[in-house]
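*Asks:* Next comes the sequence, and after it the predicted model I'd like to discuss.
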2 protein chains.
Amino acid sequence: MNIGEVAKRAGLPPKTIRYYEDIDLIRPQRSANGYRSFRESDVHKLTFLGRARALGFTIEDCRILLGLYEDETRESAQVKEIAAQHLVSIDEKIAQLRSMRDTLAELVRACHGDDRPDCPILSDLSGQG
Amino acid sequence: MNIGEVAKRAGLPPKTIRYYEDIDLIRPQRSANGYRSFRESDVHKLTFLGRARALGFTIEDCRILLGLYEDETRESAQVKEIAAQHLVSIDEKIAQLRSMRDTLAELVRACHGDDRPDCPILSDLSGQG
DNA sequence: CCTTGAGCTTCCAGTGACTGGAAGGGTTAT
DNA sequence: ATAACCCTTCCAGTCACTGGAAGCTCAAGG
């Protein structure tokens, strides 16, 4: 299977797949003409990677998860540990964004937004609010 | 004022301040010895930048906001427009993170997390959930 | 006067996870 | 044969810094 078809099936751009090979996440074989030749197992791995990345796991998380995915004897506790840690960091990110959002929403609300020059948003940012 | 003191007062690392000069956000003067020499107005601008960045505005947003901040005749509508757009993109980011969080939380909940190898998290990621 | 240590300078390189584009070779269909 | 499309590699750029090396300046202590 060439990279184009794999890309369609795994839902990832060819560029990304080449990049994943570059950083040793996958190791596709090569055809006589130099083209990458993917097996079904590569498609599975790439699908796995796409989903994990969509859930916000870092590449290094993915590398570990992929190792566990391929390890028949792994303990589910190891996987749960990584996922739970990631869950915490997502929650932190959400909390941080919410706080930013609330501050900004208040500033936007307070700004009359017309042709007058005085603006609570800039006042606040300059520390003169 | 040298960069060290400005850094303390504006709450930004010296490296970041040099970088901001590099990309023309600020233009500090120079002393005879080659050191950067900051005025009060530079400290104000850097404080402004620090706060805007903390609210998640991009550097390019900051460049525009800084321009408006220095323009005595700006219309508050222009500022409100940028802030409101940013608010929308924060809301989108939060929504996306929440969706990721919910999916992941469900997977973590479903994983028994012991020494057995079967794991709903990996099953789901592999598309065999 | 000399040294020590802190603070300043520039420049280069790396981060994460791709993405765009150029230059060139292979394949397929007409 | 030729067009159109696929594949290859390599280089550079993204964003907003951050780390580190090599070297200059300055203030204080002996």
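*Replies:* Cool, got the structure. If you're wondering where the values come from, they're calculated on a predicted model, not measured in any experiment.

*Asks:* residue farthest from the centroid of chain A?
*Replies:* Within chain A, A:R116 marks the point farthest from the mean C-alpha position, 42.2 Å out by C-alpha atoms, centre = their mean.

*Asks:* where's the closest residue to it other than its chain neighbours relative to DNA strand D, distance?
*Replies:* In space, and not counting its chain neighbours, A:R116 is closest to B:S76: 5.8 Å by C-beta to C-beta, 6 or more residues apart in numbering or on different chains. (C-beta placed from N, C-alpha, C; glycine too.) Separation of B:S76 from DNA strand D (C-beta to the nearest atom of the strand, to the nearest Å) stands at 24 Å.

*Asks:* From B:D91, how far out is B:S76?
*Replies:* Separation of B:S76 from B:D91 (C-beta to C-beta, to the nearest Å) stands at 22 Å.

*Asks:* These two: which is more packed in?
*Replies:* More neighbours surround B:S76 than the other of B:S76 and B:D91, with 20 against 15 (other C-beta atoms under 10 Å in any protein chain shown).

*Asks:* and the more buried one, how far is that from B:F48?
*Replies:* Distance of B:S76 to B:F48, computed by C-beta to C-beta: 16 Å.

*Asks:* Report the buried residues of whichever helix in chain A runs longest.
*Replies:* Using DSSP state H, we find that the single longest helix of chain A is helix A:76-110. Neighbour-count burial for helix A:76-110 flags A:76, A:78-80, A:82-84, A:86-87, A:90, A:93-94, A:97, A:100-101, A:104, A:107-108 (criterion: 16 or more other C-beta atoms under 10 Å in any protein chain shown).

*Asks:* And stretch A:36-43, by the same measure?
*Replies:* So for stretch A:36-43, counting by 16+ other C-beta under 10 Å, buried means A:R36, A:S37, A:F38, A:D42, A:V43.

*Asks:* wait, isn't A:R9 in contact with A:K45?
*Replies:* No: between A:R9 and A:K45 there is no contact under C-beta atoms under 8 Å: 11.8 Å.

*Asks:* Which part of chain A gets nearest to DNA strand D, residue-wise?
*Replies:* A:G4 (2.7 Å; C-beta to the nearest atom of the strand).

*Asks:* where does the closest residue to A:I90 other than its chain neighbours land on pLDDT?
*Replies:* The spatial neighbour of A:I90 that comes closest, neighbours along the chain excluded (C-beta to C-beta, 6+ apart), is B:R101 at 4.9 Å. For B:R101, the pLDDT comes out at 91.
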